[in-house]
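Asker: Can you look at this prediction? I've put the sequence above it.
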Amino acid sequence: MLSARRRMAVMMAGLLVPWVHPANACCPAWRRGEPVRIADQQILVVWDPATRVEHFIREAKFAAAPGARQEGFGFLVPSPTVPEIAAADGAVFAQLNNRIQPRVVEVTRYENHYSLLWRLFVLESKVPASRATDAAPPPMATVEVMKRARVGGYDVVVLKAADPAALTEWLADNGYDSRPELAEWSRPYVEKGWMITAFKYATDATSIDVSAVRLSFETHAPLFPYRVPTDQIDPDAPRRSLLRAFVIGPGRAEGTLGEGAATRPWEAGNAVYSHPLEVNASFLAAVLPEGTAGGATNAWLTAFEDSTWPSGTDDLTFAFDPAGAMFQRVVEHVTRRDRLVPLDAIALAGLGLAWVARRRRPG
């Protein structure tokens, strides 16, 4: 059985991982006058290098303004190719969070207390403290509907647009907002011929409680649509949302923002965990297509935290280093002990020794 001290250490380590409210990435699209903002979010990117297919799993929740209606509310997700879309089991994020718990180490530290001679006992106090020591085809005349689906409580449509104006016009005609920020957000994706997958709560659905969704699509490199509309970025907000990104691929993951000469490191993405996965990690079966080798040999799990979210104007791309160093946060559970240093006793002893030495000195 665990000692009382170790049980407390485990409890304190658990408290270090903040509760992450589910949320959606990318771009919310709402009814005019009923703004909705991106909340804390968790995502999972699983990259299959053999097929060059990315499986992108994300929880779904936004922070709505008081009184906002859910009818017509939706969100948009860009992808390089037409995605396969399915509901996913959001419980996978609990499994992932359990795996990246910090490693707890026991540390004893002594503090000296210089006290009087008659204080002949040592007070011991145990104060738990935690410290972290240490992821195009030719233009079209109109918007083309590539796919329609019902996923849980969502109506989903995959769109390919000729230009941002055509996309926002289609969204406006189908119950979404067509604000200028949305058109500007979509411009780089439309120009590259990417797909825009639009999710909207279905008004006739029997359930709207979709805990997570999965998009699987072909891409030359695994990515996360980190870019958000400018009206989602508030540099003066007292608290920004937390993005926690789990990335599974053939090595330790590293993230970069932008493309070409504008590529730069994802400095806001703080790596908090990176370790190899066991072969055929069973917890992934609930979110991946049947037969997908998400936990294949040499697959690693890397976890990142970004406390500046949402703030991106570029998308995030991941690369993998099979020779990368393993990493796990370390939390020290500190036991503090008071150590008595009786200066008065030391002084008296010194005087006594001096007196004895003087008495023995030849006259």
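Answerer: Cool, the structure landed. Numbers count the residues shown, from 1 in each chain.
Asker: ranges for the strands of the stretch 101-250 of the chain?
Answerer: Using DSSP state E, counting those that start in this stretch, the strands assigned to the stretch 101-250 of the chain run over residues 103-113, 144-151, 154-160, 195-201, 212-218, 223-224, 241-249.
Asker: Pick the most deeply packed of these.
Answerer: strand 241-249 (a mean of 24; mean count of other CB atoms under 10 Å). For glycine as for every other residue, the C-beta is placed from the backbone atoms N, C-alpha and C.
Asker: Make JSON lines from the strands of the stretch 101-250 of the chain and add mean pLDDT to it.
Answerer: What follows is these, written out as JSON lines (pLDDT from 0 to 100):
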{"stretch": "strand 103-113", "mean pLDDT": "71"}
{"stretch": "strand 144-151", "mean pLDDT": "91"}
{"stretch": "strand 154-160", "mean pLDDT": "90"}
{"stretch": "strand 195-201", "mean pLDDT": "88"}
{"stretch": "strand 212-218", "mean pLDDT": "92"}
{"stretch": "strand 223-224", "mean pLDDT": "95"}
{"stretch": "strand 241-249", "mean pLDDT": "91"}
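Asker: For residue 51, which of those strands is the nearest?
Answerer: strand 212-218 (7.7 Å; CB to CB).
Asker: What pairs with that closest one, parallel or antiparallel?
Answerer: If you go by DSSP bridges, strand 212-218 pairs up with strand 53-59 (antiparallel), strand 84-88 (antiparallel).
Asker: what's the closest of these to residue 169?
Answerer: strand 84-88 (23.5 Å).
Asker: can you give me the angle the closest one makes with strand 154-160?
Answerer: If you take axes from the mean of the first three to the mean of the last three CA atoms, to 10 degrees, strand 84-88 sits at 160 degrees to strand 154-160.
Asker: List the buried residues for whichever helix or strand comes after strand 84-88?
Answerer: Using DSSP states H and E, the helix or strand that follows strand 84-88 in sequence is helix 92-99. Buried residues in helix 92-99, counted by 16 or more other CB atoms under 10 Å: 92-93, 95-97, 99.
Asker: Mind giving me the packing neighbours of helix 92-99?
Answerer: strand 41-48, strand 241-249, strand 300-309 (3 or more CB pairs under 8 Å, 6 or more residues apart in numbering; DSSP states H and E).
Asker: nearest to residue 332, of those?
Answerer: strand 300-309 (19.4 Å).
Asker: List the strands paired with that closest one, with their directions.
Answerer: Assessed with DSSP bridges, strand 300-309 is paired to strand 241-249 (antiparallel), strand 270-276 (antiparallel).
Asker: Put the alpha carbons of that strand into PDB.
Answerer: Output in PDB follows, covering the C-alpha atoms of strand 300-309 (Å, rounded to 0.1, in the frame of the first residue of the first chain):
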ATOM      1  CA  TRP A 300       5.300   8.400 -30.000                       C
ATOM      2  CA  LEU A 301       2.900  10.500 -28.000                       C
ATOM      3  CA  THR A 302       3.900  14.200 -27.500                       C
ATOM      4  CA  ALA A 303       1.700  16.600 -25.600                       C
ATOM      5  CA  PHE A 304       1.800  20.400 -25.900                       C
ATOM      6  CA  GLU A 305       0.200  23.200 -23.900                       C
ATOM      7  CA  ASP A 306      -0.400  26.700 -25.300                       C
ATOM      8  CA  SER A 307      -1.800  29.300 -22.900                       C
ATOM      9  CA  THR A 308      -1.900  32.100 -25.600                       C
ATOM     10  CA  TRP A 309      -4.800  30.500 -27.500                       C
END
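Asker: Which positions within that strand qualify as buried?
Answerer: Those would be 300-306, 309, for strand 300-309 by 16+ other CB under 10 Å.
Asker: for stretch 312-320, same thing?
Answerer: So stretch 312-320, judged by 16+ other CB under 10 Å, has buried residues 312, 314-318, 320.
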